[in-house]
Structure formats: C-alpha cells, structure tokens
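**Q** what follows is a predicted structure for the sequence shown.
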Amino acid sequence: MSVPEPFMTPDPQAVADSHLMDFARHVGMSGADYADLYRWSVTDLEGFWGAVWEYFDIDADTPYERVLAEERMPGARWFPDATLNYAHHALRNLADDAVAVIALDETGSCYEVTASHLRAQVASVAATLRELGVGQGDRVVGYLPNTPHAIVAFLAAASLGAVWSVCGQDYAPMAAADRFAQLEPTVLITADGYLFNGTTHDRRDATLELAHALPTLKATLLVGHVGLPWPSKAYPSLVVPWEDAATRTEELTCTPVPFDHPLWVVFSSGTTGLPKGIVHGHGGVLLEHLKTLGLHSDLGPGDRLLWYTTTHWMMWNLVASTLLTGATTCTYDGSPAPLAQPDVLWQLAARHRVTVFGTSPQYLLGMAKFGIDPSAHDLSSIRVVGCTGSTLPASAYPWVRDHVGDRVLLASISGGTDVVSGFAGSAPNTPVWAGELSAPHLGVALAAYDAEGFPVVDRVGELVVTRPMPSMPLYFWNDPDGTRYRDAYFSSYPGVWRHGDWITVTSHGSVIVHGRSDSTLNRNGVRLGSADIHDVVERLPEIAEALVIGAEEDDGGYWMPLFVVPAAGVTLDDTLRDRIREAIRSGASPRHVPDEILEAPGIPHTRTGKKLEVPVKRLLQGAPVEQVVNLATVDAPDLIDYYARLGAERRDRSA
C-alpha cells in the first residue's frame, strides 16, 4: 500500500529548533526521525523515561534507584524510593516578574498573575489549609470555574501532599456531591458564580447545598469571582473568605512525597452508578505532562498556551501543568463562542500572543459553518492548534490552514481522563495527514487489537496499550482490592490496557480514531455520564424510562439523542420536552442537555436488566443487527428493530 501524500510537512528549521530535537540530541539520537525516537521510547522504557527525568532536570528530594522496578499491568512500579513534589516543579521555572497565568473571560477582559504573585498566593493558601487541619493524604475539593483561583488552590493542596479534585460550577450541587462525597474531603473551595454566554450564573445557593452534602468538611473557602456578595447563611463548617486565605505573607515549602503519592482524583463519566474516582500520582503526572507539553507541544519559557476547557475535563489538568515547562498558561471563564463575540478566543489569542491554541473539533467545525474568519486577527504567534475531545474530520484541515495559518501545526490528539494525557497526536517533526493523528505519542506502546487479541494494521481494532505508562492510574478510589480497576481496563486482554476506542493504526504510522467502543458520552471533548441524565429524567413522574446515546457521525459531528418512554397516559409534547431539558440543565448540567428528545416504544435491556447502550449506539450508526447484539440475550427483541430502522432512516436522510 502506497503512503498517502501528507497534508503538511514540518518546517525543517522549526524541527531543528524544537525541544523534541534538542531531546534527541541529549540522548545521542540527533539524526533520528520521529519513528526512530518512538521505537526506542517503547522498546526501552527505562532508558526513555530515565532520559525524560534527566532532560527536564527533575528535582527529587530522594533520588531513584531504578526507573521501572515492576512492569506488569496493572501494578507497574515507577521510580521506587524517589520522593518529590509536583507543586515544587510547577513553581520553579519562571522568573519572579514573568507572567505565570493570564486570566481571561468571554468579555475580553483579563488580568495577569506574575510568578512571584502566584508563589505568594500558593504559599498563603497552603498555610491556611494547614491551619484548617489539611495534611498529607487529606482531600481538598474545588467547585470552581476555570480561573487562576483553581490553579492556586490545586498547587496549594499539592504542596502539602493533600489530594485535589475539582468540578465545574455548571454541574448541579448533587452531581458534584456524587463525586466529592466519595473522597470525604476536609476543605471545599468554591466561587460565587461563573460567566457563560453573556449571563452571570449565581452559584451561592448551590455552594451551600453542596457544602451540606459533604459532612466531613472542616471549612469552606469562598471565592468572590463574579462580585456577588456572600450572604450570612448557616454553613455546616467554618467559612473563610478567599481574600483572607490568599493574602497572608508566608514561606512556601513543598512536602516531599513518594513518586506514586496521590496528586489528584479525576472522575469517570459514570455510565453506570456513581462516577469512578481515578487516582494519579505526583511523579507519573509530572513526567507524562513534561513529555506531552514540553516535547509534543514544544512548550517552554516564553510560550503561551490557551486551551478552552472546563475544570472537570482533563484538559484543565494540562492547562495547569503548562507551568511545569516554564510557559505561561491562560485560564478562560465563559462560552467558547458567546453570541456577543463568537470569535473572542481568537481575539484573545492574538492580543496575548498565544503560541499553542487548544480546542475541540466541534468548535472548529462551528467556526467554519458560521463563516467566522480567525485570520481577521493577527494570529502569527500561533505555532500549534491542538484539537481533542473527538475525531477531527479531514474537512477541517484546509479550513485551519486557510483561516489560521498555513504553517500552523494542526495537532489532532486522542487521549483520556484515565491516563490524563494523550495516546496519539503530533510532534514538531511528524507529517500531518488530514483526518489522521500523526503518530502514537512517545512512550505509549499503542496498538489496534482484533477480537482475538492480535495487533492489526490498516484494519479497525480496539485501542490498546501493551506496556505501562507512568500516568496510568494508581488505583480507583474506594476500590481496595483493585477489582473495578482491573475490570475497567484489563478484562478483555489480560495484562494489556484496553481503552474503549476503535482505531486504525496505518502502515505509514498514523492513527485514525473511529469513536468510542463503549457507551461513554463524549460531547465537545467533555466526557459525560449517561447515568447522570437517566437519573434526572427518570425521576420525572411523566417518564417511565430513558436512554441517552452519543453517536459519532461520518462528517465529524456528534449526535446525542435522548429516548424516553412516557408514563401511561402521558404524551411527549413540546411542553414536556422543555420540562425534561430544564430538569437535566438544573439537575446535571447544561452540557448534558440532549440534541433531541424522541419518544420510543421501549428501552431494550439484557436479560439481567442492563440497558443496551452500546448496541443501540451502533445500530443508530448503521451497524447490522447481527454484528451488534444476540437477540436471545435481549428482554424485548422487537425493540431492536425499531432502533435499527431509525438508524437506517437517519443515514438515508444524510446520504
């Protein structure tokens, strides 16, 4: 098979000047291309990750004796005996007067936080937390928008060896409590509200409701972000204003912790039951994010990253980790395309000389659809446009070239909350093929497996990782024997990580992502739980049962319909649809509101009562019934024909 012509090839001078090629020279591979570096990185894990440690000058309080003491999955043991602290590394690489964080919002306003001010705030909040009883291993949680407050709070907790978790304020308080209550947190840090599409959303009452749902709290820190006064109400614990917590004069000290000490808990989307708490460690995140941001995104001192995200998406974690490289990170509060100024992100990127701009496929497709031309602004500083969250269709590549810049590297990336990093994407020295990810990331032993567990090339298979990564989860929260963890990733191919994506590894080394192979919703890059939606909708007396599906479409779009079975005697009309939407918006979040609400004759289940989410999704995408489900295992086989027919009709209309 001949290699297709790349959409773009990297500029030789940009390659030579990149951190990746400097790293190659550092390890004695100055003449190597990306394929050579990649092959070495996955065949010699100890050599590669040891070199990453040395290249980025990891400042360990206790040195390591071996890079990888145990390679089995799960249970790999990285850098045993080493002690360090993530927060120390995030705060060490910027000169005092350098800008560490730029706070942006949808109105176009901004303020800057210098490195010295950031360190001072982190030291102050850390001292406050310590006085409130927070110590190593205790949990601190944030109910916060994407502002510098969240970064300060996270680094303060990490500096103490406490465990951090954060959720955006568009989540209803009980949806946030489903996550945080599992952690039994000591302190909650929350804001008065957030901005979105021209509206200030008041979250003061939501804060009080959340605080009452967390009985282990010793204190709640109140951030005045949007200027709403905090009323005197009966909080279940001590209340501390952010101004008091963050303006003390304190000396910053970072507690050395083991390499695999928990840093944060990020949550799965909760397809069934409560969301799973995924625990990552200080050292694994430190190395993985330095590799991803420093080598693949080529970030370093003098660079600026602006990536649209919410605090509960894993991209927020990478936004915070930008500081590890010595680059400036931008936070952003608001809609990515507010009605009043739909191109505001491009305006801000131009004004603040952003070098790495990150977004989702839906954002780029929306810009093209509505005729917005980013090149109306001076985007000459942008070197990389990162795009993740779902598959970026080939049609978007010429648009980015023509409307952002013809030398911009369009880096389509696929990763996951599970490893809080990427599996495949681009690098400064990789060609770009439209509709494809240029290559697996360094250190990621990626393959596509068929149903029998054999690697396949130029054929669709399951995305697997055959050797460990430092940022694979330490464990799941409240999973003492590791059963849920093993079942999540290692039940299909023992000893091999199965992620849940359909991919093709091409013979020219690229990766094509075809979508989720499980039922997780993945909307605009934010993974959502179907259980969150079902729980809200099925509480309505008018609804007997509900099923939500997220289906990737051939044109790069994403269709998220909600099927409902009305209660006896109830008709699904526009009034009831509006009631359902409002219930989801207030009970889960605006992002959970479906694209359509359709009346269905019933919801199919397995014989044991589990909703057939994945089979219905595949039927709606046009897969034949015989490839999707064994009718003998379905409680109402006649319903399968309804969903298959609906999928066929939808595809006929789009043909």
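**A** Happy to help now that I have it. Numbers count the residues shown, from 1 in each chain.
**Q** list the residues that contact W264.
**A** W264 is in contact with 154, 158, 163-166, 279-280, 285, 317, counting by C-beta atoms under 8 Å, 6 or more residues apart in numbering. Backbone N, C-alpha and C define where each C-beta goes, glycine included.
**Q** secondary structure of it: a helix, I assume?
**A** No: per DSSP: H, G, I helix; E, B strand; the rest coil, W264 lies outside any helix segment and is strand.
**Q** look up which residues are beta-bridged to it.
**A** Beta-bridge pairing of W264, defined through DSSP bridges, involves W164, H280.
**Q** which stretches of the stretch 251-400 of the chain have low pLDDT?
**A** Along the stretch 251-400 of the chain, the parts satisfying pLDDT under 70 run over 269-273.
**Q** in it, what residue spans correspond to strands?
**A** 257-258, 262-267, 277-281, 304-307, 328-333, 356-359, 384-387 (DSSP state E, counting those that start in this stretch).
**Q** returning to what we had before: make TSV from the contacts of W264 and add distance to L547 to it.
**A** Output for these, formatted as TSV (distance: C-beta to C-beta, whole Å):
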residue	distance to L547
F154	36
A158	40
V163	35
W164	34
S165	29
V166	30
V279	31
H280	32
V285	36
N317	31
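**Q** turn the strands of the stretch 251-400 of the chain into a markdown table, columns for distance to P637.
**A** Output for the strands of the stretch 251-400 of the chain, formatted as a markdown table (distance: least, C-beta to C-beta, whole Å):
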| stretch | distance to P637 |
| --- | --- |
| strand 257-258 | 53 |
| strand 262-267 | 35 |
| strand 277-281 | 36 |
| strand 304-307 | 46 |
| strand 328-333 | 49 |
| strand 356-359 | 43 |
| strand 384-387 | 41 |
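**Q** for the stretch 451-600 of the chain, give me the ranges with low pLDDT.
**A** 516, 519-520, 524-527, 529.
**Q** just the helices in it please.
**A** Along the stretch 451-600 of the chain, counting by DSSP state H, counting those that start in this stretch, helices occupy 483-489, 530-537, 574-587.
**Q** which stretch among the ones you listed comes nearest E552?
**A** Nearest to E552, of all the helices of the stretch 451-600 of the chain, is helix 530-537, at 15.4 Å by C-beta to C-beta.
**Q** now stretch 4-24, how far from the centre of its chain.
**A** 26 Å (C-alpha atoms, centre = their mean, to the nearest Å).
**Q** can you give me the end-to-end distance of it?
**A** 27 Å (C-alpha to C-alpha, to the nearest Å).
**Q** residues contacting that stretch, please?
**A** Contacts of stretch 4-24 (C-beta under 8 Å, 6+ apart): 30, 32, 37, 51, 55, 294-296, 298-300, 383, 397, 401, 407, 409-410, 427-434, 508.
**Q** report the buried residues of it.
**A** 6-8, 10, 15, 18-24 (16 or more other C-beta atoms under 10 Å).
**Q** which residues does the closest residue to S395 other than its chain neighbours contact?
**A** Counting by C-beta to C-beta, 6 or more residues apart in numbering, S395 lies nearest to G556, which is 6.9 Å off, once chain neighbours are set aside. Applying C-beta under 8 Å, 6+ apart, we find G556 in contact with 361, 365, 390-393, 395-396.
**Q** and the helices in the stretch 151-300 of the chain, which stretches?
**A** 173-180, 204-212, 242-246, 282-289.
**Q** nearest to A546, of those helices?
**A** Nearest of those (C-beta to C-beta): helix 173-180, 16.3 Å.
**Q** contacts for that closest one next, please.
**A** Here helix 173-180 makes contact (C-beta under 8 Å, 6+ apart) with 141, 143, 165, 167, 188, 206-207, 209-210, 213-214, 267, 270, 274-275, 277, 532, 587-589.
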